[in-house]
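Enquirer: Here's a sequence, model it:
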Amino acid sequence: MTWKGGLVFLLIVAALAGAVNLIDPSFVPGLRGTIPAAETQGPGHPEKDGHGEHDAAEAEEFERGPHNGRLLKSGRFALEVTIFETGVPPEFHFYAYMDDRSLDPAKVVVEVKLSRLGGDVDTLSFEPQADYLKSTSSVVEPHSFDVAVSATHDGKTYAWTYGSYEGRTTITETAASGAGMETETAGPVTIEETITLTGSVVLNQNKTAQVKARFPGVVRQVSKNVGEMVKQGEVLAVVESNASLNNYDVTAPFDGVLLERNTNIGDVTGDAAIFVVADLSSVWAEFHVFSKDLPRIKAGQTIRVKDIQGDSEVESTVAIFTPVAELASQSILARVTLDNTQARWRPGMTVRGLVVVDRHKVPLAVKSSALQRFRDFTVVFAKVGTTYEVRMLDLGVSDATWTEVKGGLKPGTEYVAENSFLVKADIEKSGASHDH
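Expert: Residues are numbered from 1 along each chain as shown. Prediction:
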């Protein structure tokens, strides 16, 4: 073959290859085994399950019927199953076929058993509608279960089983422990209703002394400086009395810290305090209470005091209210005594106070730290062995620690209370969403 003949041959091969590529493989028998349901919708309108769209790989996990549902076949008989939830609570719809032709739903009896993680089994019965069978009760979230379907038609019984899971993953105990995941058991708790106040730490005036010289005179010696610790009876200064010309000592009235020194050697004392000493082992926190909250806040109520960064927290009680409102803010000051033996509270610090104004005993609650978002729901993740699965919750009142659960979770359920976001991330990574 000459080089020209070889070139012509190559051009012919290339043209044939291009023509083959123009052929849709779905029209060539045997070229592609299964055509995705999206390409072969058939008659009717696909039903939406409300759980989002899925990629082609997921669509090919099982054969779909004309309504985009899972197709169950047994010989000439077939059932197509969907979960319909557009404008109604989720419900199963079944379409029956014989030889690929629709059957009258009134001539088919269907029963479904849904075996859930943890051992619960839901049994569903069905009633005929226009061209399908509808479950007589709704399908409770999550739509994650092992499904057993039995159908009877024309004296024959058919049965299928399959798994349909969402929001489920498996994590070994070692991995869960290493990731810092902690669990709790859902049950009754007392939830506190609180009002948040803002205030500041001030000196405990009952443990603060204005130290004065007993007699007018000249200061001959000063022994202490601001910030130094002093002991009861310790000499702070020596004063020469103008009357007797004798020296006398000015001493600390109790153990504390020297906050102010208002004298130096050579000064002449009078009526003003020359030192201020405070015992800082106890301080006050004063909070602004405005008129809208005043009827609900009373002396004796529990209050949790936190610094502005949240590093320190202590529980105390509301002691007293100042009798006069502050002119600028029109607020009343509520005073709280704080133990300060660990020197955590410094006068001048801004603090927040959570006053407990009511307590609600609820029969079922979970840790607020356990809550996550999944689809359009607030959820926790139940733990059964090494399997974790989403639980969609109906929530009630809450506080900083607990949230009431009104539905979606059984009492006694073990759930992930700390680092639950790791379970959510693992589920999202594995693509454990549900496809009806």
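
Enquirer: tell me the centre residue of the protein?
Expert: The residue lying closest to the centre of the chain (CA atoms, centre = their mean) is Leu371, at 3.1 Å.

Enquirer: which ones are touching that residue?
Expert: 378-380, 393, 403, 420 (CB atoms under 8 Å, 6 or more residues apart in numbering). In short, each C-beta sits where N, CA and C put it, glycine included.

Enquirer: from those residues, which is closest to Ala365?
Expert: Using CB to CB, Thr403 is the member of these that sits closest to Ala365, with 6.1 Å.

Enquirer: And the contacts of Leu371, which is closest to Asp255?
Expert: Closest to Asp255, out of all of the contacts of Leu371 and judged by CB to CB, is Thr403, at 46.4 Å.

Enquirer: per-residue confidence for that closest one?
Expert: pLDDT, Thr403: 96.

Enquirer: And Phe62, by the same measure?
Expert: At Phe62, the model reports a pLDDT of 87.

Enquirer: which residues does the nearest residue to it once chain neighbours are set aside bridge with?
Expert: Closest residue to Phe62 apart from its sequence neighbours, by CB to CB, 6 or more residues apart in numbering: Arg70 at 5.3 Å. Under DSSP bridges, the beta-bridge partners of Arg70 are Arg64, Val81.

Enquirer: give me every residue that touches Arg70.
Expert: 62-64, 80-82, 162, 164, 436.

Enquirer: Quick one: buried ones out of the contacts of Leu371?
Expert: Restricting the contacts of Leu371 to buried positions leaves 379-380, 393, 403, 420, with burial counted as 16 or more other CB atoms under 10 Å.

Enquirer: domain ranges for the chain?
Expert: Following automatic domain parsing, one gets these domains for the chain: 1-33, 43-164, 170-191+360-430, 194-202+281-358, 208-274.

Enquirer: By mean pLDDT, show me the worst of these.
Expert: domain 1-33 (a mean of 37).

Enquirer: ok, back up a step: just the closest of the buried ones among the contacts of Leu371 to Gln342, please.
Expert: Thr403 (32.0 Å).

Enquirer: Could you say which helix or strand holds the closest one?
Expert: Assigned by DSSP states H and E, Thr403 belongs to strand 402-407.

Enquirer: Could you list the paired strands of that strand along with their orientation?
Expert: Those paired with strand 402-407 in the sheet (DSSP bridges) are strand 350-367 (antiparallel), strand 394-398 (antiparallel).

Enquirer: among these, which is nearest Gly155?
Expert: Gly155 lies closest to strand 394-398 among the strands paired with strand 402-407, at 44.2 Å (CB to CB).

Enquirer: Can you point out the buried residues in that closest one?
Expert: Of the residues in strand 394-398, 395, 398 count as buried by neighbour count, 16+ other CB under 10 Å.

Enquirer: Same question for stretch 169-189.
Expert: Residues of stretch 169-189 classed as buried: 169, 171, 176, 181, 183-184, 186, 189 (neighbour count, 16+ other CB under 10 Å).

Enquirer: Now go through these and say which are in strands.
Expert: Those of the buried residues of stretch 169-189 mapping onto strands are 169, 183-184, 189, per DSSP state E.

Enquirer: So which of those residues is the closest to Thr302?
Expert: For those, the residue nearest Thr302 by CB to CB is Val189; the value is 16.1 Å.

Enquirer: Contacts only, for the closest one.
Expert: Counting by CB under 8 Å, 6+ apart, Val189 has contacts 361-362, 365, 402.

Enquirer: in the sheet, who's paired with it?
Expert: In this entry, Val189 is beta-bridged to Val362, by DSSP bridges.

Enquirer: And for His93?
Expert: Beta-bridge partners recorded for His93 (DSSP bridges): Thr82, Lys134.

Enquirer: ok, now Ile320?
Expert: Arg335.

Enquirer: Could you dump the ones in strands among the buried residues of stretch 169-189 into a markdown table and include distance to Asp120?
Expert: Converted to a markdown table, these look like this (distance: CB to CB, whole Å):
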| residue | distance to Asp120 |
| --- | --- |
| Thr169 | 19 |
| Thr183 | 19 |
| Glu184 | 21 |
| Val189 | 24 |
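
Enquirer: Let me know the closest of those residues to Glu313.
Expert: Distance ranking of those against Glu313, using CB to CB, places Val189 first at 19.5 Å.

Enquirer: Let me see the ranges of the helices in this protein.
Expert: Using DSSP state H, the helices found in the chain span residues 3-21, 56-59, 173-178, 421-430.

Enquirer: And for Glu228, the neighbour number?
Expert: A count of neighbours around Glu228, defined by other CB atoms under 10 Å, yields 12.

Enquirer: Which of the strands paired with strand 402-407 sits closest to Pro142?
Expert: Comparing these by CB to CB, strand 394-398 comes nearest, at 13.6 Å.

Enquirer: who's in contact with the closest one?
Expert: Contact with strand 394-398 is made by 191, 193, 360, 362, 368, 378, 403-408, as judged by CB under 8 Å, 6+ apart.

Enquirer: Tell me which stretches of the stretch 201-350 of the chain form strands.
Expert: 208-211, 217-222, 229-230, 235-241, 247-251, 256-261, 275-278, 282-289, 302-307, 313-321, 332-339, 350-367 (DSSP state E, counting those that start in this stretch).

Enquirer: So which of the ones you listed is nearest Val139?
Expert: strand 350-367 (22.4 Å).

Enquirer: Tell me which residues of that closest one come out buried.
Expert: Buried residues in strand 350-367, defined by neighbour count with 16+ other CB under 10 Å: 351-357, 362, 364-367.

Enquirer: Those into TSV, with extra columns for distance to Thr123?
Expert: Output for the buried residues of strand 350-367, formatted as TSV (distance: CB to CB, whole Å):
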residue	distance to Thr123
Val351	57
Arg352	52
Gly353	53
Leu354	48
Val355	50
Val356	46
Val357	47
Val362	31
Leu364	25
Ala365	30
Val366	28
Lys367	33
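
Enquirer: now, the most widely separated pair of those residues?
Expert: Top of the distance list for the buried residues of strand 350-367 (CB to CB): Val351 and Leu364, 33.7 Å.

Enquirer: Now Ser329. Nearest residue, chain neighbours left out?
Expert: The nearest residue in space to Ser329 (CB to CB, 6+ apart) is His288, at 5.9 Å.
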